[in-house]
Structure formats: C-alpha cells, structure tokens
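Enquirer: Quick one: sequence and predicted model below, then my questions.
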Amino acid sequence: MYAFEIHGQTSVDDSWNGQPTTLAQNENIVMPQTSAGTMILAATNKATQNNQGNLTYTSGGGAPGNLVLQANANQPSIIIKNWNANNLSLTNTSAATATPILVQAVGPGIPGITPASFPIGQEVTLAAGDVAAGTASPQYMQLVIRSNAATLGVLGLIGGPQDGSGNNGYVITVNDAVNGNTGPDTGKAPPPGYYATTSSNTYTFTFNWGSSLVFIANLSPETANDLTVLMRKL
C-alpha cells in the first residue's frame, strides 16, 4: 500500500505543532503526531483576489479529504476531529497561484504546545494564535468570551463529554457581522464546524463538566483584536 502523495509539493515544516502558518500554493505542512483526543483545525483563505482556496488533508494513511475555502472570507473554516494520535498532513491545492491559506491546529496534548494558565475567576487575554487551559469545578460554570473592539473574534473550546462521533470541541464567534446570531436558542443553524455565533461583542457559554480540563484557543484572524475569556462558578 502506498501513502497518498501530491507531486511537486514543497514541505515548509515536517514537525509542525499547530502554530498559525501560511501555506502558499502547493506548500505542505506535517504534524508528525496529533493528540489522542479532539483537535480543532482552522483554515482561512487569505487571497486578496477572488480566488477559491482548497486545502487537502491526509492522516494515518487514510484517503485524502478536501476543505473548500471561499474567497474573501475573513472567518476560518473549521474541522473538529479526533485524529487518534496519527500524523496530519496539509497541502494547499488551490487552483490559482495567489491563494495563500492560513492554518492552525489546537488541542490538548499536541507535542510542543504549552498552554498558558486559565484559572477560575481570573480573566485571561488571548492574542490570535494563543492557547490556555484550566480545570473546571464540579458544578455549573460559565465561560464569558469578549472582544473589546469591533473585529471578529473566534474562540475554540475543548472539554467535557464527547458527542456521538467522539468529539468534544466547540467553536464560537463574537462580533460576527456576517452570520449574526446562530446556534442554541436562536432558531438558526451555525456555519459548519461552529457551535454558535453572535453579532454581540460578548458570548456566555454555560456548562457542567465536573472537574475536567477546559482548553481554549484564539482562532481569530491575525488582524483581530485580542479576546478576553473568563471562567466563573455559578
């Protein structure tokens, strides 16, 4: 059996640890080992022209998949998946040359990533690309996600019980002028891969996951304002 290979590709990093990285057309990046749990992959088409993007991904010798990235979209496309500690290879297979793609992968346990502390009751500030982790108390808790500027904010959250597909990741936006209010209690489905979006600068997420890990990551565009996140007891 032969592994899938894209001829003419150029590897820019064979030991990628998920940090935000921009891939030009035909460039490839490889995470040698993913975490053994949920991971959030974010990809953004950064073309300044009206070029549709395409990101091809393979893992563990499986068949390739493709993520189509619309032109002029400031909001990242999302894949939430457990890659089961296999490798992950990403290649920019866009048809047009001038179609750079920004990629970021986040999740607890990725080798080479040390999250900042995320204590209960203390607001933390995350710049684009930053990650943090803390432990919830065994009671109802809230995450308060806020952006103090009018720029789009995108937060990735991993924690709690797994769903039917074995994943426990959530992606939430604030200041989302494109999608507005979607997700639970809105009557409107969020974009694929997202849990909720809001046009407000603040979103509150309530949960009761026991004494479990709460992992957060700022997946916002590079030009966005910092996000502040508070984990509090109820």
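Expert: Alright, I've got the coordinates.
Enquirer: The helix or strand of the chain with the lowest mean pLDDT pairs with which strands?
Expert: None of the helices or strands of the chain scores lower by mean pLDDT, DSSP states H and E than strand 10-13, at a mean of 75. If you go by DSSP bridges, strand 10-13 pairs up with strand 27-31 (parallel).
Enquirer: Can I get the strand it pairs with in PDB, CA atoms only?
Expert: Extracted in PDB, the C-alpha atoms of strand 27-31 (Å, rounded to 0.1, in the frame of the first residue of the first chain):
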ATOM      1  CA  GLU A  27       3.200  24.000   0.000                       C
ATOM      2  CA  ASN A  28       2.700  21.200   2.600                       C
ATOM      3  CA  ILE A  29       3.000  21.000   6.300                       C
ATOM      4  CA  VAL A  30       3.100  17.900   8.600                       C
ATOM      5  CA  MET A  31       2.200  17.300  12.200                       C
END
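Enquirer: quick one: average confidence on that strand?
Expert: Averaging pLDDT along strand 27-31 gives 96.
Enquirer: Which SSE is immediately downstream of that strand?
Expert: Later in the chain than strand 27-31, the nearest helix or strand by DSSP states H and E is strand 38-45.
Enquirer: now that following strand and strand 27-31, what's the angle there?
Expert: Interaxial angle, strand 38-45 versus strand 27-31 (axes from the mean of the first three to the mean of the last three C-alpha atoms, to 10 degrees): 170 degrees.
Enquirer: Could you give the number of residues near A177?
Expert: Using other C-beta atoms under 10 Å, A177 is surrounded by 11 other residues. For every residue, glycine as well, the C-beta is placed using N, CA and C.
Enquirer: Also P192?
Expert: 10.
Enquirer: re earlier: give me the helices and strands touching the helix or strand that the least confident helix or strand of the chain is followed by, please.
Expert: Next helix or strand after strand 10-13 toward the C-terminus (DSSP H and E): strand 21-23. Strand 21-23 sits against strand 10-13, strand 88-92, strand 101-106, with contacts defined as 3 or more C-beta pairs under 8 Å, 6 or more residues apart in numbering; DSSP states H and E.
Enquirer: do that again at 6 Å, thanks
Expert: Packing partners of strand 21-23 (3 or more C-beta pairs under 6 Å, 6 or more residues apart in numbering; DSSP states H and E): strand 101-106.
Enquirer: residues in contact with the helix or strand that the strand it packs on is followed by?
Expert: Later in the chain than strand 101-106, the nearest helix or strand by DSSP H and E is strand 116-117. Strand 116-117 has contacts (C-beta atoms under 6 Å, 6 or more residues apart in numbering) with A132.
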